[in-house]
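J.: sequence plus the predicted model coming up.
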Amino acid sequence: MLDKDEFRSALSQFATGVTVITTLDDEGQPHSMTANAFSSICLDPPTIMVCIGHNTNTNGFLKKTQRFGVNILTQDQQELGAYFAKKVEDRTGGVDYRYSVGEDQVPALDGSMVFFGCEVLGTHDYGDHTIYVGMVKEMRRDEPSAPLMFYNSRWYNPAAD
Ligand SMILES: Cc1cc2nc3c(=O)[nH]c(=O)nc-3n(C[C@H](O)[C@H](O)[C@H](O)COP(=O)(O)O)c2cc1C
């Protein structure tokens with residue numbers, strides 16, 4: 001058997017970008033969570049995947065809405081990445097952010113480098129996570145900027161570290 005802590009530590013050696021997954025909650029209001037378990041699948045058809053924990057609010061909302069946004073964060077959005085990784089009840093303090101409404105009412109987080117508006121094509125439950133395969137229906141891009149990264153369980157800036 002693999003030691004769980006060792007496994008987590010080994011996985012943390014994979015440097016990733018950071019996204020915020022957006023969808024609508026049960027009241028139709030935007031809801032966000034930070035996620036780095038994101039990957040492209042195919043260019044044709046344009047598909048991506050995200051892996052969402054069963055203990056998140058986002059998982060419950062996605063099951064209902066069948067729509068989500070993937071917002072790729074910039075270095076300037078580190079505070080937002082940390083904010084949307086907190087439990088909802090701990091999301092306090094003056095963090096400034098705004099949404100625009102994408103097609104299909106999917107919220108797009110302003111200031112993100114890239115926004116993909118997706119429709120759920122399929123899911124696969126495994127253990128305590130669900131893999132969501134998303135068909136990309138809409139794409140928005142901002143000016144290219146330094147990406148926010150996560151490595152070794154920390155925010156990571158290769159230019160500064
Ligand atoms: C850098 C980073 C990456 C994360 N990636 C994921 C992820 O890919 N999937 C996931 O389920 N949770 C991930 N999380 C944890 C969620 O952001 C966290 O559980 C959040 O509170 C869920 O919000 P919600 O319950 O309101 O949906 C990540 C956290 C951090 C800091």
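T.: Right, received. Where do you want to start? Numbering: from 1, shown residues only.
J.: how many other residues sit next to residue 88?
T.: Neighbour count of residue 88, defined by other C-beta atoms under 10 Å: 13. Any C-beta I mention is one placed from the backbone N, CA and C, and that applies to glycine too.
J.: give me the distance between it and residue 160.
T.: Distance of residue 88 to residue 160, given as C-beta to C-beta, to the nearest Å: 31 Å.
J.: please name the nearest non-neighbouring residue to residue 64.
T.: Of all residues not flanking residue 64 in the chain, residue 26 sits nearest, at 7.3 Å (C-beta to C-beta, 6 or more residues apart in numbering).
J.: against residue 62, how distant is that neighbour?
T.: Separation of residue 26 from residue 62 (C-beta to C-beta): 12 Å.
J.: the two: which has the busier surroundings?
T.: residue 62 (25 against 11).
J.: quick check on the more buried one: phi, psi?
T.: The phi/psi pair for residue 62 (degrees, to the nearest 10) reads phi -60, psi -40.
J.: next one: residue 57
T.: According to degrees, to the nearest 10, residue 57 has phi -60, psi -40.
J.: count of neighbours near it?
T.: Neighbour tally, residue 57, other C-beta under 10 Å: 15.
J.: thought it was touching residue 33?
T.: Yes - with contact defined as C-beta atoms under 8 Å, residue 57 counts as touching residue 33 (7.3 Å).
J.: quick one: the residue nearest to residue 64 is in a helix?
T.: No - counting by DSSP: H, G, I helix; E, B strand; the rest coil, residue 26 is not part of a helix but coil.
J.: look up how far residue 54 lies from it.
T.: For residue 26, the distance to residue 54 (C-beta to C-beta) stands at 17 Å.
J.: please enumerate the strands of this protein.
T.: With DSSP state E as the criterion, the chain has strands at 16-17, 19-24, 30-35, 38-42, 47-53, 67-72, 99-101, 107-109, 114-126, 129-141, 149-151, 154-156.
J.: just put those in a markdown table and tack on mean neighbour count and mean pLDDT.
T.: Shown next, in a markdown table, are those (neighbours: other C-beta atoms under 10 Å; pLDDT from 0 to 100):
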| stretch | mean neighbour count | mean pLDDT |
| --- | --- | --- |
| strand 16-17 | 16 | 98 |
| strand 19-24 | 25 | 98 |
| strand 30-35 | 22 | 98 |
| strand 38-42 | 13 | 98 |
| strand 47-53 | 19 | 98 |
| strand 67-72 | 25 | 98 |
| strand 99-101 | 13 | 95 |
| strand 107-109 | 24 | 97 |
| strand 114-126 | 17 | 98 |
| strand 129-141 | 17 | 98 |
| strand 149-151 | 19 | 98 |
| strand 154-156 | 14 | 96 |
